[in-house]
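S.K.: For reference, the sequence and a predicted model appear below.
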Amino acid sequence: MVEIQPIGNAYSESVIDLILNIQQKEFNVPITIEDQPDLLEIEDFYLASGGNFWGAFINGELAGTIALVKFDEKAGAIRKMFVKSEYRGKEYSIAQKLLEKLISYCNENGMTEIYLGTVSILKAALRFYERNHFIIIEKENLPAKFPLMNADNVFCFLNLKSKL
């Protein structure tokens, strides 16, 4: 049974462990905790601006994460969407449940645009976003306030108004 709940700084260590293992060991992305100081300050970075950070738990174990950076009154950016390899796929549907929680939060809070940046080597992630009606856009078409990450080279957009 998957339980999804908002999490804060108390979970920073577990979040860092989960995310860095996937980034560095599984996908060989040259990124460190120094490149992601937001993970040490979840509440200040995500919650204070009106965004959120959720964890997916299975039997008390952190199995996945997703975060929302609210960077405009009506727009947010998905960050830190990661699921441990042993919990990926349809059996648990963790990524889908996390995304649905984030979309629901956006709808409840009057946000109509969701953006994200990712890296092209994460092919399964791109297919997942496309299945969920995100469209790939050029970097030049991102809003000026979009919080860019250096590693990202593919950008996606979801218009929640068109999904209503």
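M.R.: In hand now; what should we look at? Residues are numbered from 1 along each chain as shown.
S.K.: got the CA positions of the longest helix along the chain in CSV?
M.R.: Criterion DSSP state H: the longest helix present in the chain is helix 94-108. This file holds the C-alpha atoms of helix 94-108, laid out as CSV (Å, rounded to 0.1, in the frame of the first residue of the first chain):
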residue,chain,number,x,y,z
ILE,A,94,4.1,5.5,-7.5
ALA,A,95,5.1,8.0,-10.1
GLN,A,96,1.5,8.2,-11.3
LYS,A,97,0.1,8.7,-7.8
LEU,A,98,2.8,11.3,-7.0
LEU,A,99,2.0,13.3,-10.2
GLU,A,100,-1.8,13.1,-9.5
LYS,A,101,-1.2,14.4,-6.0
LEU,A,102,0.8,17.3,-7.4
ILE,A,103,-1.8,18.1,-10.1
SER,A,104,-4.6,17.9,-7.5
TYR,A,105,-2.7,20.4,-5.3
CYS,A,106,-2.2,22.7,-8.3
ASN,A,107,-6.0,22.6,-9.1
GLU,A,108,-6.9,23.3,-5.5
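S.K.: Would you mind checking the average pLDDT for the helix or strand that that helix is followed by?
M.R.: On the C-terminal side of helix 94-108, the nearest following helix or strand under DSSP states H and E is strand 113-118. Averaged over strand 113-118, pLDDT sits at 97.
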